[in-house]
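In: with the input below, show me the fold.
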Amino acid sequence: MKNFRWGILGTGKIAHLFARDFSFTKSGELRAVASRNKDTADAFATEFDIELALQDYYSLINSDEVDVIYIAVPHVHHYELTKACILAGKAVLCEKPFAMNEYQAQELYALAQKHKVFVMEAMWTRFNPVIEQVIDWVADEEIGQLNSIQASLCFVAPTDPEHRVNNLKLGGGALLDVGIYPVFLAQLFWGKPDFVQNQAILNETDVDVLNQMLLGWDNGALASLESSIISHSPNRAVLSGSKGYIEIDTEWHKAKSCRLISKDNNERAVAFDFPGMGYQFEVDEVNRCLEEELIQSPNFTWQHSLDLVQTLDEIRQDMGVRYEQDPEIHDENIEEHHHEHHHHKH
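Out: Model prediction:
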């Protein structure tokens, strides 16, 4: 297998977790890192034994030393950096959310198609062995017909108004940070919902800090989802079917175990003893796709990513959370789906 050379843009928390798990990948080499601060880049490179530490994102993007770039900077910079990577002919794994809205995402995927460059949203949960197991159980009808999903992803974030999760200019809010995961899980099985209802609490910086979402599909399926940056929760996921249910253990988006409970209460537990947190699996997928000269992953396609951002846009529009990257809203688009929305100040 070809040994693809990777570069990382950003040196924050997620970049550290990613770099730590990179050592567990089947192939590939972590060759370069870039930060806006040279000292930070140097420290990161030393910690993870990376050859090149660069102060400027664009130096890395245009470097001949890398084949693939992982983008791990705040949401608002994903669009411009992904675009630069595509134009430089570099394969891209961009942290979620892939873009601030559907318009940005559509443009980037069209550009990737035009330039025949591999691009994937870093929905690492999709490649977690537990999620693969759950997909198999559902496909094999081990719980009969899947009727509903309950999933939450909540944590207590710093309250500093300048922190990225509270800062509207940096794409703050619970939905794009953690709410994207429960929405992804529901859409993994049923695709884009046919209706969306939500209740949201906004804080004084006008970002959503707590969301409860009800998604519905014309086939009769329902998903009850929650995300928060102000509260703790079990962060489990339950998939309920006509013959039993599946529990994905806490924290479900990076779980190492799950259980299938049949209607007569027989339990089948499965645990995976993989090292690290599980970021290595998305890297393996990117490397596999590059080896096969694909420009998108068949397991998390551009359409999957677009369907996800469309739902997030719809929920956000409903909540009244708007980013400066959003296009002007025209009235005729608003009634496209049945909505009921309420939002309150926290």
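In: isn't Ser152 up against Pro182?
Out: Yes - assessed by Cβ atoms under 8 Å, Ser152 is found in contact with Pro182 at 6.5 Å. To be clear about C-beta, it is placed using only N, CA and C from the backbone, and glycine gets the same treatment.
In: more crowded one of the two?
Out: Each of Ser152 and Pro182 has its neighbours counted (other Cβ atoms under 10 Å); Pro182 has more, 28 against 23.
In: distance between the helix ranked longest in the chain and the chain's centre?
Out: Using DSSP state H to assign secondary structure, the helix with the most residues in the chain is helix 302-319. Remark: helix 302-319 is offset 12 Å from the chain centroid, using Cα atoms, centre = their mean, to the nearest Å.
In: hang on, the earlier thing: now do the shared contacts for Ser152 and Pro182.
Out: 225-227, 237 (Cβ atoms under 8 Å, 6 or more residues apart in numbering).
In: how about these in JSON lines, adding pLDDT and neighbour count?
Out: Output for the shared contacts of Ser152 and Pro182, formatted as JSON lines (pLDDT from 0 to 100; neighbours: other Cβ atoms under 10 Å):
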{"residue": "Leu225", "pLDDT": "98", "neighbour count": "24"}
{"residue": "Glu226", "pLDDT": "98", "neighbour count": "21"}
{"residue": "Ser227", "pLDDT": "98", "neighbour count": "30"}
{"residue": "Ala237", "pLDDT": "98", "neighbour count": "28"}
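In: which member of the residues you listed is positioned nearest Phe22?
Out: Ala237 (26.6 Å; Cβ to Cβ).
In: can you map out the strands along the stretch 201-346 of the chain?
Out: 208-216, 222-228, 237-241, 244-248, 257-262, 267-271, 339-345 (DSSP state E, counting those that start in this stretch).
In: okay if I get those strands as a markdown table plus distance to Leu54?
Out: Shown next, in a markdown table, are the strands of the stretch 201-346 of the chain (distance: least, Cβ to Cβ, whole Å):
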| stretch | distance to Leu54 |
| --- | --- |
| strand 208-216 | 35 |
| strand 222-228 | 34 |
| strand 237-241 | 39 |
| strand 244-248 | 39 |
| strand 257-262 | 40 |
| strand 267-271 | 40 |
| strand 339-345 | 42 |
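In: out of those, flag the one nearest Ile143.
Out: Of all the strands of the stretch 201-346 of the chain, strand 237-241 comes closest under Cβ to Cβ, at 3.1 Å.
In: now what about that closest one, what contacts it?
Out: By Cβ under 8 Å, 6+ apart, strand 237-241 touches 134, 138, 141, 143-152, 182, 185, 189, 245-248, 252.
In: let's see 6 Å
Out: 143-151, 245-248, 252 (Cβ atoms under 6 Å, 6 or more residues apart in numbering).
In: circling back to that earlier point, what packs against the longest helix of the chain?
Out: Contacts defined by 3 or more Cβ pairs under 6 Å, 6 or more residues apart in numbering; DSSP states H and E place helix 302-319 against helix 102-115, helix 180-190, strand 195-202, strand 339-345.
In: can you redo the ones you listed as a markdown table with mean pLDDT and distance to His232?
Out: Shown next, in a markdown table, are the helices and strands packed on helix 302-319 (pLDDT from 0 to 100; distance: least, Cβ to Cβ, whole Å):
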| stretch | mean pLDDT | distance to His232 |
| --- | --- | --- |
| helix 102-115 | 98 | 31 |
| helix 180-190 | 98 | 16 |
| strand 195-202 | 97 | 16 |
| strand 339-345 | 53 | 20 |
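In: ok, Asn37 to Val73 distance?
Out: Distance, Asn37 to Val73, by Cβ to Cβ, to the nearest Å: 13 Å.
In: the two: who's more crowded?
Out: Val73 (24 against 11).
In: touching, the more buried one and Ile8? I think so.
Out: No - using Cβ atoms under 6 Å, Val73 makes no contact with Ile8, being 9.8 Å away.
In: buried subset of the contacts of strand 237-241 as a ChimeraX selection?
Out: Restricted to buried positions by 16 or more other Cβ atoms under 10 Å, the ChimeraX selection for the contacts of strand 237-241 reads:
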select :143,146,148,149,150,151,245,246,247,248,252
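In: okay, the contacts of strand 237-241 in TSV with pLDDT and distance to Ala15 next?
Out: Shown next, in TSV, are the contacts of strand 237-241 (pLDDT from 0 to 100; distance: Cβ to Cβ, whole Å):
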residue	pLDDT	distance to Ala15
Ile143	98	37
Gly144	98	42
Gln145	98	41
Leu146	98	35
Asn147	98	39
Ser148	98	36
Ile149	99	31
Gln150	98	32
Ala151	98	26
Tyr245	98	36
Ile246	98	32
Glu247	98	31
Ile248	98	26
Trp252	98	23
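In: just the ones in helices from the contacts of strand 237-241, please.
Out: Per DSSP H, the subset of those in helices is empty.
In: okay, the helices and strands packed on helix 302-319, which one's buried deepest?
Out: helix 180-190 (a mean of 23; mean count of other Cβ atoms under 10 Å).
In: how far off centre is it?
Out: The answer for helix 180-190 is 10 Å, by Cα atoms, centre = their mean.
In: between that helix and strand 208-216, how big is the angle?
Out: Helix 180-190 runs at 10 degrees relative to strand 208-216, counting by axes from the mean of the first three to the mean of the last three Cα atoms, to 10 degrees.
In: contacts for helix 180-190 next, please.
Out: Residues contacting helix 180-190 (Cβ under 6 Å, 6+ apart): 96-97, 123, 146, 149, 151, 153, 215, 217, 221, 223, 225, 253, 307-308, 311.
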